[in-house]
Structures are given as C-alpha cells and as structure tokens.
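K.L.:
Give me a 3D structure for the following:
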Amino acid sequence: MQIKQFLKKNLRWIILFICLILFLDIAEDVLEKEIMQKDIIGYNLISKYLISDFATPIAKIITHLGSSFFLILLAIILFIAIKDKKVGICIWINLGVSALLNQILKHIVQRPRPTEFRIINETGYSFPSGHSMVSAAFYGFLIYLIYKKVKNKYLKWTLISILSIIVFLIGISRIYLGVHYTSDVLAGFLISISYLIIFTSILKNYNIINKN
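P.N.:
Okay, the predicted model is just below:
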C-alpha cells in the first residue's frame, strides 16, 4: 500500500527520471558515433510501409505543423484568443525555452543530418530533432492546459487525442522526409517530456495556472 501511494505521489518524477536516463543513453551512443539499430529499423519500417507518391505531400504538410513559423503563428493566435493572458504568456515562455534548449543540445552534440534518403532540404544539426522536441513541448503544454481547464470530458479527450496524434505524426514525418534519424526523434520526445514535467511543476508550485 505504501509503495502504491509512493508511486502515485511521485509518478511524474519517476517518469522524468526514466525519460532522462533513456535520453542520456541515446545521446551517449550518438556522441560515440555509433550506428544504432533503432535508426536502421525505424527508417526501414517507414520506407517499406509508408513512402509513396501519395504519402509524401501529406508528410510535408504534417511536418510544417512543427515548424517555427507555424508554432509562432499558433502562439500568436492563442495569445489573442485566450482571455487569461497569464496562460498566453506561459505558452510563449514554453515555446521560447524549449526552442532554446533544443539549440543548446544540438550544438553540444553536433550530429550531422542523414543524407542518404533526404526528400527535403534542411540545415543545422540533427540531434535532437527540433520539430519533434519543440512541437512535443508546445502541443504537450496545450494538452496539459486542456486537461486542467476543459470540463467537457468528450471535448477534452478528443482534443488531447488529436494533439497527441499530431505530435507523433510530426516525429514520423521527420524520419520519412529523411532529415532526421529515428534516435533524433525519440530523443526529442524524451527530453520534451522531461522538460514539460519540470515546467508544469514550476507553474503548479507558484500557482501560476489554476484549474477552473
């Protein structure tokens, strides 16, 4: 019973610890310039089952949902639309911090992008995936806000499901388009989950965003 209570009370920190350990494990392999089996398997699965003339334009559209331009535009729209400006400011802070953290990690690791099967052109370093990491942080924070503030259960879980699928598809699109390794995307998701746990905990501790 005590173990169950401990797990319930500290679940977010357990998830944080697991995500960081997994991220550091991937980062260590990348820094040692190891060719990871997960990268080969990930691309082979996508190239075998997904790549087609029909799917490529869809992947290009999906990947733009995680672009800097689209996320900034969406943040502007949300800031205008949301009555509670503290929430709007938090959305902007979250976007800025996650983007900055991504650039810091990219310049620490300095992993070149894959070049063998590239469908679109991208510049900059590869690890962790910026689209995957920043979109997971951005949409993940929206999921947190929806979970806290939307009272209608049907609407709440519909929006959460849609945003979760968007994040997943953005990650898949980066591998599909040949601009990231599978490990780049996984690492982006893992570090975003870790970051969001810390970010939302700070907001909760300082009572910045209250539940309606």
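K.L.:
Kindly export stretch 130-150 (C-alpha atoms) in CSV.
P.N.:
In CSV, the C-alpha atoms belonging to stretch 130-150 read as follows (Å, rounded to 0.1, in the frame of the first residue of the first chain):
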residue,chain,number,x,y,z
GLY,A,130,13.9,20.3,-33.3
HIS,A,131,10.5,19.7,-34.9
SER,A,132,9.9,16.7,-32.7
MET,A,133,11.2,18.3,-29.5
VAL,A,134,9.6,21.7,-29.8
SER,A,135,6.3,20.5,-31.1
ALA,A,136,6.1,17.9,-28.3
ALA,A,137,6.8,20.7,-25.8
PHE,A,138,4.3,23.1,-27.4
TYR,A,139,1.4,20.7,-28.1
GLY,A,140,2.2,18.8,-24.9
PHE,A,141,1.7,22.0,-22.9
LEU,A,142,-1.6,22.6,-24.7
ILE,A,143,-2.6,19.1,-23.7
TYR,A,144,-1.7,20.0,-20.1
LEU,A,145,-3.9,23.1,-20.3
ILE,A,146,-6.8,21.2,-21.9
TYR,A,147,-6.6,18.5,-19.3
LYS,A,148,-6.7,21.2,-16.5
LYS,A,149,-9.2,23.6,-17.9
VAL,A,150,-11.7,21.9,-20.2
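K.L.:
chain center to that stretch, what's the gap?
P.N.:
8 Å (Cα atoms, centre = their mean, to the nearest Å).
K.L.:
same question for that stretch, mean pLDDT?
P.N.:
Average pLDDT, stretch 130-150: 94.
K.L.:
Show me what counts as buried in that stretch.
P.N.:
130-146, 148, 150 (16 or more other Cβ atoms under 10 Å). C-betas here are computed from N, CA, C, even on glycine.
K.L.:
separation between the nearest residue to E116 once chain neighbours are set aside and N10?
P.N.:
Distance criterion Cβ to Cβ, 6 or more residues apart in numbering; nearest residue to E116, sequence neighbours excluded, is G178 at 7.2 Å. According to Cβ to Cβ, to the nearest Å, G178 stands 40 Å off from N10.
K.L.:
Likewise for I80?
P.N.:
38 Å.
K.L.:
Low-confidence ranges, this protein, go.
P.N.:
Residues of the chain meeting the criterion pLDDT under 70: 1, 6-7, 34-37, 210-212.
K.L.:
What segments of this structure are helices?
P.N.:
For the chain, the helices defined by DSSP state H cover 2-9, 11-31, 37-49, 55-64, 68-81, 85-109, 130-149, 153-176, 182-205.
K.L.:
how about those, which one is nearest G124?
P.N.:
helix 85-109 (6.6 Å; Cβ to Cβ).
K.L.:
What residues of the closest one count as buried?
P.N.:
Of the residues in helix 85-109, those buried (16+ other Cβ under 10 Å) are 87-88, 90-91, 94-95, 98-99, 101-102, 105-106, 109.
K.L.:
picking that back up, so for I80 and N10, which sits in the more crowded spot?
P.N.:
In this view I80 and N10 are compared by other Cβ atoms under 10 Å, and N10 has more residues nearby, 12 against 9.
K.L.:
who touches that one in this structure?
P.N.:
Listed by Cβ atoms under 8 Å, 6 or more residues apart in numbering, the contact set of N10 is empty.
K.L.:
Distance of it relative to M133?
P.N.:
25 Å.
K.L.:
circling back to that earlier point, so which of the buried residues of helix 85-109 is the closest to E122?
P.N.:
Looking across those and measuring by Cβ to Cβ, the closest to E122 is K106, at 12.0 Å.
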